[in-house]
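*Asks:* fold the following for me, if possible:
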Amino acid sequence: MELLCPAGNLTALRAAVDNGADTVYIGFRDATNARHFPGLNFTPEQAARGVEYAHQRGVRVLVAVNSYVQAGGWAQWQRSIDEAARIGADAVIVADLGLLEYTAEQWPDLGLHLSVQASATTPEALDFYKRCYGVSRAVLPRVLSIQQVEALAGDTDVELEVFGFGSLCVMAEGRCLLSSYATGESPNTVGACSPAWAVQWQETPEGREARLGGLLIDRFAPDEPAGYPTICKGRYDVEGALEHAFESPTSLETAELLPRLKRAGIHAVKIEGRQRSPAYVGKVTRIWRQLIDRIPEAEGDYTPDPAQVAALREFSEGATTTLGPYERNWQ
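*Replies:* Okay, here's the model as predicted:
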C-alpha cells in the first residue's frame, strides 16, 4: 500500500520524503485548501521546489484544492488548479463539482483524486465521479466501519485511500458547518475548523480556558494536555454532566488493521497533519513506513511493534488513540 504523508511547508515535505513517504500532499497558501492557517502551506514557487525535490527521489506530490468554491471566488480556485498543473504535480485532490469538471476538461493529463470533503461512500457515487470527471482515486470519509470499507472496496474499481493516523473528524467531511455558529466560518468555506483569529487562550483560577469566537469551549487542568480548540472537541454541560458531547480529543491509529486494509485492496494509507511540525511529519512517516513494510503477505496473526505503537501515541491528540468508526462492527 502507498504511504501518503502531509506537508505544511517545504521543510515538512523534505522530512516526509526523506523518511519514506511514497507520496506527499500539500496545499497552496490560500482558502482553496482545507488547512488554511497563517504561516502554513506553499506559495507556487515553494510548491515547484517541493515537486522537484520529491520527483528527484521518486516520490509523487498531490495538491489539495479541496475546499468548496465560494461565490465570487472562482478565479482563485481555478488558479490553484492551473498552478498545480504548471508545477508538475502528479494529481489534485478536489471536492467541488465545478472544479472537478474544470480540471477534467482543461487538464486531462493531471491526475484527479476525489477529496474526503466530497464524502463519497457508495459504489454508485464513486462510479459517477469516475464516469463524469475521470476521477481515479477517492479518499474515504472517516465515518465508515472496517466492514463498510471492505464492502466498498469490493464493489468499485476506483482506487481507495483511507486515513490511517491523525486527527479524527466527527462530521461527514464536506458537510461541516459547526464552527460557523461560533465564528461565521467553517472548513468548507475558508479552510479552517477554528480560524486562528477566533482562538483565545486564557489562564484563570479555574484552569486554562480555550475560547472560540468568544465562547468558552473547554477548560484544562494545569497538567492536562490541551489540543488546538475546535467546537466538536469541546466539553459541554449536557444535563448536568460536563463531557465531550461530540467527540473526544483523541487520534485515529489503525496499525493493527493494516493487513486487513491491504487484503481489501485499499490503495493508499493517509497520514493526517499538514498543520503539524516537520519533526512530527518526519517521525510519524518513519514509523508508518516500517509498519507498512512489515505487513505479512499471507493471512495470519499480525501484531504491530508495541514500541512503534507507543511512539505514535506520543504524537496523538491527548496522548490517546482509537480505531474510531473502524471498530463499529454493528455498521
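*Asks:* now the residue most central in space within the chain. Nearest residue, chain neighbours left out?
*Replies:* Nearest to the mean C-alpha position of the chain, counting by CA atoms, centre = their mean, stands Glu272 at 4.1 Å. Closest residue to Glu272 in three dimensions, ignoring its sequence neighbours and counting by CB to CB, 6 or more residues apart in numbering: Gly166, at 2.6 Å. C-beta coordinates here come from the backbone N, C-alpha and C atoms, glycine included.
*Asks:* hang on, the earlier thing: so the residue nearest to the centre of the chain is in contact with Ser167, correct?
*Replies:* Yes: using CB atoms under 8 Å, Glu272 is in contact with Ser167, at 5.3 Å.
*Asks:* residues shared between the contacts of the two?
*Replies:* Between them, Glu272 and Ser167 share these contacting residues under CB atoms under 8 Å, 6 or more residues apart in numbering: Leu252.
*Asks:* please identify the helix or strand for the residue nearest to Glu272.
*Replies:* Using DSSP states H and E, Gly166 falls within strand 159-167.
*Asks:* adjacent strands (with direction) for that strand?
*Replies:* Strand 159-167 has its sheet partners listed here by DSSP bridges as strand 137-139 (parallel), strand 251-253 (antiparallel), strand 268-271 (parallel).
*Asks:* now that strand, how far from the chain's geometric center?
*Replies:* Here the centre of strand 159-167 is set off from its chain's centre by 7 Å, with CA atoms, centre = their mean, to the nearest Å.
*Asks:* now stretch 100-110
*Replies:* For stretch 100-110, the distance to the chain centre is 23 Å (CA atoms, centre = their mean).
*Asks:* pull the CA atoms of that stretch into CSV?
*Replies:* Below are the C-alpha coordinates for stretch 100-110, written out as CSV (Å, rounded to 0.1, in the frame of the first residue of the first chain):
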residue,chain,number,x,y,z
LEU,A,100,-13.8,18.7,-11.0
GLU,A,101,-15.3,19.5,-14.3
TYR,A,102,-12.8,22.3,-15.0
THR,A,103,-9.8,20.1,-14.1
ALA,A,104,-11.1,17.2,-16.3
GLU,A,105,-11.7,19.5,-19.3
GLN,A,106,-8.7,21.8,-19.1
TRP,A,107,-6.0,19.5,-17.6
PRO,A,108,-6.9,15.9,-18.7
ASP,A,109,-3.4,14.6,-18.1
LEU,A,110,-3.4,15.9,-14.5
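*Asks:* in that stretch, which residues are buried?
*Replies:* Counting neighbours by 16 or more other CB atoms under 10 Å, one finds that the buried residues in stretch 100-110 are Leu100, Tyr102, Thr103, Ala104, Trp107, Leu110.
*Asks:* identify, from these, the entry nearest to Asn9.
*Replies:* Checking the buried residues of stretch 100-110 against Asn9 with CB to CB, the nearest one is Leu110 at 23.0 Å.
*Asks:* near the closest residue to that closest one other than its chain neighbours, how many other residues are there?
*Replies:* Excluding its sequence neighbours, the residue lying closest to Leu110 (CB to CB, 6+ apart) is Ala85, at 4.9 Å. Counted by other CB atoms under 10 Å, the residues lying close to Ala85 total 16.
*Asks:* whatever helix or strand Ala85 lives in - contacts with which helices or strands?
*Replies:* In this assignment (DSSP H and E), Ala85 forms part of helix 74-86. Packed against helix 74-86 by the contact rule (3 or more CB pairs under 8 Å, 6 or more residues apart in numbering; DSSP states H and E) you find helix 44-56, strand 60-65, strand 91-94, helix 97-106.
*Asks:* for Asp18, which of the ones you listed is the nearest?
*Replies:* When the helices and strands packed on helix 74-86 are compared by CB to CB, helix 44-56 sits nearest Asp18, at 9.5 Å.
*Asks:* quick one: residues in contact with the closest one.
*Replies:* Here helix 44-56 makes contact (CB under 8 Å, 6+ apart) with 7, 9-10, 13-14, 17, 24, 26, 28, 42, 60-61, 63, 83-84, 86-89.
*Asks:* would you mark the buried spots in the host helix or strand of Leu261?
*Replies:* For Leu261, the host element (DSSP H and E) is helix 258-264. By neighbour count on 16+ other CB under 10 Å, the buried set for helix 258-264 is Leu258, Pro259, Arg260, Leu261, Lys262, Ala264.
*Asks:* low pLDDT regions in the stretch 201-331 of the chain?
*Replies:* The stretch 201-331 of the chain contains residues with pLDDT under 70 at 247-250, 297-300, 317-331.
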